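Asks: here is my input; please provide its structure:
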Amino acid sequence: MDSLEELERSARELGCGVYQNEPMDRHTTFRIGGPADLFLVVREKAALREICKRAWKLGVQIFPLGNGSNLLVSDAGIRGTVVSLGGEFQKVALCGATELECGAAASLAKVCKFAQSRALSGMEFAWGIPGSMGGAAFMNAGAYDHSLQETVAACNHVTLQGEAGILRGKELQYGYRRSAYSENGCMITSIRLKLRRGDPEQISSEMKELYERRKRKQPLELPSAGSIFKRPPGHYAGTLIEQCGLKGRQVGGAMVSEKHAGFIVNAGGATCRDVLKLIELIQETVFRETGIRLECEVKKVG
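Replies: Residues are numbered from 1 along each chain as shown. Coordinates of the predicted model:
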């Protein structure tokens with residue numbers, strides 16, 4: 001029995017969902033990606049710790065998957081094991097007067113709605129971002145001049161060796177689209193948010209306004225991974241790309257959005273290879289014409 005088979009057997013014993021050669025295009029907002037050797041759905045913290053321990057001992061690499069909203073997965077897929085969280089990791093609960101405890105698999109939409117219903121403000125900017133709390137905390141997701149670091153008080157996690165841990169405050173090392181988790185390999189399991197009292201109608205109004213702005217300006221009607229590039233200092237990636245005449249430029253099924261040049265969309269049948277070629281074309285063109293190097297925000301996997 002090889003290592004993957006042994007891990008698969010352990011996962012079944014622990015009550016996890018187990019899938020072999022699972023197509024990753026089913027689990028990414030880009031609708032792109034080849035098969036994962038082993039795809040596990042883990043629903044309990046104890047099971048997650050045990051899976052991590054056994055994978056570490058067996059030398060099996062684990063890739064934690066959130067909502068797949070900031071990922072570009074290789075056409076060849078992912079070797080090793082993908083772990084997707086469900087069950088208790090989807091819960092959101094009120095802790096004290098103004099704090100929320102959010103499972104890593106809870107969607108940002110669910111958290112925003114929960115906060116609004118409790119008259120808690122601070123997460124309005126995230127309404128409409130198609131991600132999970134774990135993924136958002138991992139990359140310090142943000143929009144409209146706000147980001148998760150403004151509200152995250154602490155993150156609980158499991159290490160590669162299966163040990164439970166926590167990072168608080170400055171330990172999270174938040175920066176633009178990064179955190180301590182960008183480097184440490186740990187898997188976030190829950191997030192403590194510190195919010196503030198607000199007027200529920202005003203919170204709801206702001207959420208609606210921001211969503212309408214997204215709807216008008218972003219290509220929500222086509223599969224994408226969100227903004228493809230980080231914002232270069234003093235500029236906007238989308239503006240630079242548009243100024244270089246690249247709106248609508250297409251490689252295979254991948255296209256620079258006609259609606260917002262900061263997005264690459266899957267116009268139909270796009271492959272990872274198509275997207276990577278288009279990214280390279282954009283970076284080379286923008287650098288040649290402006291001297292500015294665009295850095296990818298989307299994480300490439302596999």
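Asks: can we go C-alpha only for contacts and neighbour counts from here?
Replies: Noted.
Asks: which ones are touching the closest residue to G17 other than its chain neighbours?
Replies: Of all residues not flanking G17 in the chain, V41 sits nearest, at 4.6 Å (Cα to Cα, 6 or more residues apart in numbering). Counting by Cα atoms under 8 Å, 6 or more residues apart in numbering, V41 touches 16-18, 83-86.
Asks: and V41, how close does it get to E171?
Replies: V41 is 29 Å from E171, where distance means Cα to Cα, to the nearest Å.
Asks: again with G226
Replies: From G226 to E171 the distance is 27 Å (Cα to Cα).
Asks: with neighbour numbers in mind, choose between those two.
Replies: More neighbours surround G226 than the other of G226 and E171, with 22 against 12 (other Cα atoms under 10 Å).
Asks: which pLDDT value belongs to the more buried one?
Replies: Note on G226: pLDDT of 90.
Asks: that one should be in a helix, yeah?
Replies: No - per DSSP: H, G, I helix; E, B strand; the rest coil, G226 lies outside any helix segment and is strand.
Asks: which one is it nearest to, not counting chain neighbours?
Replies: Excluding its sequence neighbours, the residue lying closest to G226 (Cα to Cα, 6+ apart) is F263, at 6.1 Å.
Asks: beta partners of that neighbour?
Replies: S227 (DSSP bridges).
Asks: residue contacts, it?
Replies: With Cα under 8 Å, 6+ apart, F263 has these contacts: 218-219, 224-228, 238, 256-257.
Asks: quick one: E212 from A47, how far?
Replies: Separation of E212 from A47 (Cα to Cα): 40 Å.
Asks: higher neighbour count, those two?
Replies: Using other Cα under 10 Å as the criterion, E212 and A47 rank with A47 on top: 18 against 13.
Asks: over to the nearest residue to that one once chain neighbours are set aside: give its phi and psi.
Replies: Spatially, and ignoring its direct neighbours in sequence, A47 is nearest to L14 (6.0 Å; Cα to Cα, 6+ apart). Torsion angles at L14 (phi, psi; degrees, to the nearest 10) stand at phi -90, psi 0.
Asks: so what pLDDT did the residue nearest to G17 get?
Replies: Note on V41: pLDDT of 98.
Asks: for S84, helix, strand, or coil?
Replies: strand.
Asks: next, count neighbours for it.
Replies: When neighbours are defined as other Cα under 10 Å, S84 has 21 of them.
Asks: with D37 instead?
Replies: If you count neighbours by other Cα under 10 Å, D37 ends up with 17.
Asks: apart from its neighbours in sequence, what residue is nearest it?
Replies: Using Cα to Cα, 6+ apart, the nearest residue to D37 is N21, at 4.7 Å.
Asks: did I read that right, that neighbour in a strand?
Replies: Yes - with three-state DSSP as the criterion, N21 is part of a strand.
Asks: and the helices in the stretch 151-300 of the chain?
Replies: Taking DSSP state H, counting those that start in this stretch as the test, the helices found in the stretch 151-300 of the chain are 181-184, 200-217, 237-243, 272-290.
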